[in-house]
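Q: Give the three-dimensional model of this entry:
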Amino acid sequence: MTSRATTAETAAATADRAAGSTGTALDPAIAARLKRDADGLVPAIAQQYDTGEVLMLGWMDDEALHRTLTTGRCTYWSRSRQEYWVKGDTSGHVQHVRSVSLDCDADTVLVRVDQVGAACHTGDRTCFDADVLITDQ
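A: Predicted coordinates:
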């Protein structure tokens, strides 16, 4: 099941993010702490909970973070498709949430997950496997 936003939902979500609206069910105390970009988004790093492996980077607005916190599955905002997506709904490569933290500046979310299958849309285990710029020297 894919979470497809209607045109009206997409427009409303974009307007809410741009206005810094917290019109979601996200806990107001959490919403007040978040430092969002101009589009109302925060980067969300997905990390394998037991190995520390960095899996991917996605983007969340208040609604995506709320869904992640309440469903136990990672929900992201697709900047290219302008819609919410739940990791694994189409690929089967699910991210089961183990913990969620904010960094010290409250401008980045760390989601520790139990990743099922590949995290990257290319089929790689992580989104950082294919283009290594430097290794141990």
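Q: can we go C-alpha only for contacts and neighbour counts from here?
A: Noted.
Q: where does this protein dip in pLDDT?
A: 1-24 (pLDDT under 70).
Q: now the helices for it?
A: 7-18, 28-33, 62-71 (DSSP state H).
Q: Could you pull up the contacting residues of residue 124?
A: 118, 130 (C-alpha atoms under 8 Å, 6 or more residues apart in numbering).
Q: where's it relative to residue 56, distance?
A: According to C-alpha to C-alpha, to the nearest Å, residue 124 stands 11 Å off from residue 56.
Q: Beta-bridge partners for the spatially most central residue of the chain, please?
A: Centrality entry for the chain: nearest residue to the mean C-alpha point is residue 76, 3.9 Å, by C-alpha atoms, centre = their mean. Beta-bridge pairing of residue 76 under DSSP bridges involves residue 85.
Q: That one contacts residue 86, doesn't it?
A: Yes - Residue 76 is within contact range of residue 86, at 6.4 Å (criterion: C-alpha atoms under 8 Å).
Q: can you map out the strands along the protein?
A: For the chain, the strands defined by DSSP state E occupy 42-48, 54-60, 75-78, 83-86, 95-102, 109-115.
Q: Let's have the ones you listed in a markdown table, adding distance to residue 29.
A: Output for the strands of the chain, formatted as a markdown table (distance: least, C-alpha to C-alpha, whole Å):
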| stretch | distance to residue 29 |
| --- | --- |
| strand 42-48 | 16 |
| strand 54-60 | 17 |
| strand 75-78 | 20 |
| strand 83-86 | 23 |
| strand 95-102 | 13 |
| strand 109-115 | 15 |
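Q: Nearest to residue 132, out of the ones you listed?
A: strand 54-60 (13.4 Å; C-alpha to C-alpha).
Q: Neighbours of residue 93, how many?
A: Residues lying near residue 93 (other C-alpha atoms under 10 Å) number 17.
Q: Which residues are in contact with it?
A: 87, 115-119.
Q: Go again with 6 Å.
A: Shown in contact with residue 93 (C-alpha atoms under 6 Å, 6 or more residues apart in numbering): 116-118.
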